[in-house]
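Asks: missing the sequence, but the structure's below:
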């Protein structure tokens, strides 16, 4: 009920915003400049006639001509006023009927009036892929607060923090995941990537994480790729070439790291 009340108030405000300027009759620009000129001319003719500057016959003819123009101008302004009033009435009818109908039709076609508000508990019960990032963070933070030794919770939370731009929190969460669940090549690569994003390049700490990943899995294409970037960053192009060539040798045609490694090799060739 509250929603429909708010919708009605918003529609009324929109209608009022349209009707307010329409309720004020416009002042014609020529009213002061046109009719007053003819009246001044009539007064001037009368003064000239009294001073004897203008003969009575010529004064009368001039008065008739100016009076005719005055009546024509006044009649034209009356027509314009009627036309303007008619347009304002049409616009008012559209505002009173059209705006609410348009708003209602748009809501019925694009909105979901048949569904009630979803409380927080219902939104938290949705599948993970259907939840927004704020709800996911709140849900997982609640879990790790209750179970701080739940390594899986920290591991799930780390990439979500990263996606939200909370890089420092992502690094801390990944460190907890590695401490509680143990070190694997995948976890070390993820940790190194977070450090790389935080520092805007491959720091010594990130490089160490990728080296630990290679020690755990010598075919970790992700670790090989980043170690190649670290070598290139240090100017060791031969070492970088060795890492990227290794990726091409061990990866399949559809491996996600194969094409990036090939591109880096091509760039190295162009530099030489």
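Replies: Noted; the coordinates are in hand. In this text the structure is predicted, and so the values were computed from the model without any measurement. Residues are numbered from 1 along each chain as shown.
Asks: doesn't residue 134 make contact with residue 163?
Replies: No. With contacts defined as CB atoms under 8 Å, residue 163 does not count as touching residue 134, sitting 11.3 Å away. All C-beta spots, glycine's among them, are computed from the backbone N, C-alpha and C.
Asks: ends of stretch 47-64, how far apart?
Replies: 16 Å (CA to CA, to the nearest Å).
Asks: now it: mean pLDDT?
Replies: The pLDDT scores in stretch 47-64 average 68.
Asks: what does stretch 152-161 give?
Replies: On average, stretch 152-161 scores 93.
Asks: list the buried ones in it?
Replies: Residues 153, 154, 155, 156, 157, 158, 160, 161 are the ones in stretch 152-161 that count as buried (16 or more other CB atoms under 10 Å).
Asks: ok, stretch 212-222 next?
Replies: 212, 213, 214, 216, 217, 220, 221, 222.
Asks: thinking again about what came up before, need the buried residues of stretch 152-161 in JSON lines with distance to residue 183, can you?
Replies: Formatted as JSON lines, the buried residues of stretch 152-161 follow (distance: CB to CB, whole Å):
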{"residue": "153", "distance to residue 183": "18"}
{"residue": "154", "distance to residue 183": "14"}
{"residue": "155", "distance to residue 183": "12"}
{"residue": "156", "distance to residue 183": "18"}
{"residue": "157", "distance to residue 183": "18"}
{"residue": "158", "distance to residue 183": "14"}
{"residue": "160", "distance to residue 183": "21"}
{"residue": "161", "distance to residue 183": "20"}
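Asks: show me those residues that map onto helices.
Replies: 153, 154, 155, 156, 157, 158, 160, 161 (DSSP state H).
Asks: ok, the fifth one touching residue 139?
Replies: Yep, that's residue 157 we're talking about. No. Judged on CB under 8 Å, residue 157 makes no contact with residue 139 at a distance of 9.5 Å.
Asks: where along the stretch 51-200 of the chain do the helices fall?
Replies: For the stretch 51-200 of the chain, the helices defined by DSSP state H, counting those that start in this stretch cover 56-93, 99-110, 120-124, 133-146, 151-163, 167-181, 185-199.
Asks: worst mean pLDDT among these?
Replies: Across these, helix 120-124 has the smallest mean pLDDT, namely a mean of 43.
Asks: count the neighbours of residue 257 for me.
Replies: 19 (other CB atoms under 10 Å).
Asks: meant to ask about residue 250, not that
Replies: Residues near residue 250, counting by other CB under 10 Å: 15.
Asks: list the contacts for it?
Replies: 219, 221 (CB atoms under 8 Å, 6 or more residues apart in numbering).
Asks: residue 142 versus that one, what's the distance?
Replies: 42 Å (CB to CB, to the nearest Å).
Asks: and if you look at residue 234?
Replies: Taking CB to CB, one finds residue 234 at 43 Å from residue 142.
Asks: same check, this time on residue 65
Replies: 91 Å.
Asks: what sits against the closest residue to residue 222 other than its chain neighbours?
Replies: Setting aside the residues directly before and after it, residue 222 is nearest to residue 189 in space (CB to CB, 6 or more residues apart in numbering), at 4.6 Å. Residue 189 is in contact with 209, 210, 213, 220, 222, 223, 226, counting by CB under 8 Å, 6+ apart.
Asks: what's around the second one, how many residues?
Replies: Burial measure for residue 210: 29 neighbouring residues, criterion other CB under 10 Å.
Asks: residue 226 is in contact with that one, correct?
Replies: Yes. Residue 210 is in contact with residue 226 according to CB under 8 Å; the separation is 4.8 Å.
Asks: and for those two, which residues touch both?
Replies: With CB under 8 Å, 6+ apart as the test, residue 210 and residue 226 both reach 189, 192, 202.
Asks: out of those, which one sits closest to residue 50?
Replies: residue 202 (102.8 Å; CB to CB).
Asks: so what's that closest one closest to, chain neighbours aside?
Replies: The nearest residue in space to residue 202 (CB to CB, 6+ apart) is residue 230, at 4.3 Å.
Asks: who's in contact with the one you found?
Replies: Here residue 230 is in contact with 202, 206, 207, 210 (CB under 8 Å, 6+ apart).
Asks: quick one: contacts for the third one?
Replies: Shown here is residue 207, whose contacts under the criterion CB under 8 Å, 6+ apart are 192, 226, 227, 230.
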